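A.B. asks: Quick one: sequence plus predicted model below, questions after.
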Amino acid sequence: MRKVLSGTAAARGSALGRARVRLPHALDVQEARIEPAEVESELARIHAAVETVRGEMHDLRERLHGALAQEVGEFLDLHALLLDDPELLRGIDALIRTGLYTADYALRLQRDRIAAVFEGMDDAYLRSRIDDIDQVIGRLHAALHRRAADLQGVAGEILVTDTIAPAELAQLQAQGVMGIVTAGGSALSHSAILARSLHLPLVVGAPLALQKVNDGDVLVIDGASGLVVLEPNADDLRAHRARVADSKRERKQLNRLRREPSRTLDGVDIKLWANAESRDDVAEAHALGAAGVGLYRTEFLFMHSRTLPDEETQFRAYRDLVLGMTGRTVTVRTLDLGADKADNTGLALRDEPNPALGLRGVRLSLARDGLLHAQLRAIVRASGYGPVRVLVPMVSGIEEMRAVRNALREVHASLRAEGHEVADHVPLGAMIEVPSAALALRGFIDLCDFLSIGTNDLVQYLLAADRTNEALGELYSPLHPAVLQLLRDVVRLAARRGKPVAVCGEIGGDPLFAPLLLALGLTELSLHPGTLLEVRRAIRGCDAAALRAAGPALLRARDRAGIERWLAAHAPRG
Ligand code: PEP
Ligand code: MG
């Protein structure tokens, strides 16, 4: 029967496809009992699920080729071992037989027992194997709920899951997934950023989806409104077709702006940089006339691999990036691993009690021997192929900028001494995304050649509102007087000291916010190429001088509603 579930819009696009449900790894299964007469059928269910999973893993192993076979194969072998461990099934059988628990709950109890043993281990690596147990248990749980019809591959499907890791997204899209719905998550998470970069429709924060949707159900999802329609009717299908046609039409109109300048009505040129994560982003940024790459998040290089890329591997990636931009400046951000950017390399700590406030970003780079050094060498070597800047994430004060500045100087000098062809000057910039850096900027702005304001994290830390926590709803928002004040102060100080400053958080990629950013005095934005033309269109409908004059009124707004009223009154023309 048709049902409409609502979530939060995270990556635009309308998708139609069959549902593929992936139940949470950490099972949230309530205690439930069965009658003694049901024991045999419950045992049969779990045994069938084990067979299904065994078969799936075998098939997956067979299909792996090349480099993947080695990398993913190791995981699969380990998972097969865990699945075949007689203790696992024996324990579940006993819980069903003697405890009269449902197979689901027995699975959960057995998972918790095994996890408790692993949690008690001293070795951090072994402790981290709980993730593998959870993946095997998760597969079993999913198999328990699979419909009889055999589901092959994920091409043409819409994945419904609890959360999605950034590292999974590209792989899913390559396999033909049409869109993704998650029960948790937020539109500001890295997965959402990446989904937008991949043009993969994504709806987050739709908790009912996991309860209501079954494998094979037909879904229509709208990544612009956050709506998920289960078993769509003719009207829904028509609306989906209309949205697809609309977006094609809009794309066509926007494409006319490819060669137009990002110039306001009163002739002020706004520099639009691109946030680029992949080769495709770089190509798109170039084709749309981006000023350069304003933010290249190098952690995506690290997140996909299980080993740390060495200097040479990194150098090749950065060099290709520079070459792809054919002489336009490329801003490479040093590693920003940690918190929601989990990795497989074992670099970031796994058990931090509060990872967003933990050993992440530049703190991690400075704490790990050789990490920053290798990365800076790779970046500076790339500068021999075109203009490059270095950007430092999660700066909280002068000490970190001093340390990176010194490291950059040393790396530059030694590369020169080794005979490498490198640029005479590689500008160094700080991300302003920790409130202390914004407030203490006066003390270290001289160490910076440029600044980039990371509003995604700045909002999170200033408002003490987790950017990935959907439950916080509108509490996480850049439309807060404190955020605007801090932005204005940073922009003002940068202007006084003659330092270029851009905004590279998601706010820069939303055309609705363009008038607000112009009013605060910004003239540079870095945004995902997917929204570059829309932002260019908005800028072309703005009067920069009038907006600057309206800046004080914006800063007088006392609440979100006041800021929204200001935005409504200053919407771009056209
Ligand atoms: C930000 O925090 O605004 C930012 C651009 O960095 P990231 O989203 O990668 O944390
Ligand atoms: Mg950040």
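C.D. replies: Cool, got the structure. Ligands and ions are numbered 1, 2, ... in the order given.
A.B. asks: now for the longest strand seen in the chain, which elements pack on it?
C.D. replies: Secondary structure of the chain per DSSP state E: the longest strand is strand 14-22. Under the contact criterion of 3 or more C-beta pairs under 8 Å, 6 or more residues apart in numbering; DSSP states H and E, strand 14-22 touches helix 130-144, strand 157-161, strand 218-222, helix 234-255. Every C-beta, even on glycine, is put in place using the N, C-alpha and C of the backbone.
A.B. asks: Tell me which of the ones you listed sits nearest to residue 365.
C.D. replies: Of all the helices and strands packed on strand 14-22, it is helix 130-144 that lies closest to residue 365, at 24.6 Å by C-beta to C-beta.
A.B. asks: can you list contacts of the helix or strand where residue 568 lies?
C.D. replies: Residue 568 belongs to helix 560-569 when assigned by DSSP states H and E. With C-beta atoms under 8 Å, 6 or more residues apart in numbering as the contact definition, helix 560-569 has outside contacts at 474, 477, 479-481, 484, 512-513, 515-516, 550, 553-554, 556-557.
A.B. asks: What's the ChimeraX line that selects buried ones from those?
C.D. replies: With 16 or more other C-beta atoms under 10 Å as the criterion, this ChimeraX line picks the buried residues out of these:
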select :477,479,480,481,484,513,515,516,550,554,557
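A.B. asks: Out of the contacts of helix 560-569, which sit inside helices?
C.D. replies: 481, 484, 515, 516, 553, 554, 556 (DSSP state H).
A.B. asks: on that earlier part again, what's the distance between the longest strand of the chain and the middle of its chain?
C.D. replies: 20 Å (C-alpha atoms, centre = their mean, to the nearest Å).
A.B. asks: send the alpha carbons of it over as CSV?
C.D. replies: Listed next in CSV are the C-alpha coordinates belonging to strand 14-22 (Å, rounded to 0.1, in the frame of the first residue of the first chain):
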residue,chain,number,x,y,z
SER,A,14,14.6,12.1,-7.9
ALA,A,15,15.1,8.3,-8.0
LEU,A,16,12.8,5.4,-8.8
GLY,A,17,13.8,1.9,-7.9
ARG,A,18,13.4,-1.3,-5.9
ALA,A,19,14.3,-1.1,-2.3
ARG,A,20,17.3,-2.9,-0.9
VAL,A,21,17.1,-2.9,2.9
ARG,A,22,20.2,-3.1,4.9
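A.B. asks: who does that strand pair up with?
C.D. replies: strand 157-161 (parallel), strand 218-222 (antiparallel) (DSSP bridges).
A.B. asks: Just the CA trace of the first one, in PDB.
C.D. replies: Once non-C-alpha atoms are left out, strand 157-161 reads as follows in PDB (Å, rounded to 0.1, in the frame of the first residue of the first chain):
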ATOM      1  CA  GLU A 157      17.900  -0.200  -6.500                       C
ATOM      2  CA  ILE A 158      17.500   2.300  -3.700                       C
ATOM      3  CA  LEU A 159      19.400   1.400  -0.600                       C
ATOM      4  CA  VAL A 160      17.600   1.800   2.700                       C
ATOM      5  CA  THR A 161      19.900   1.600   5.600                       C
END
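A.B. asks: need the next SSE after it, C-terminal direction.
C.D. replies: In N-to-C order, the element after strand 157-161 by DSSP H and E is helix 166-174.
A.B. asks: angle of that following helix against strand 14-22?
C.D. replies: If you take axes from the mean of the first three to the mean of the last three C-alpha atoms, to 10 degrees, helix 166-174 sits at 120 degrees to strand 14-22.
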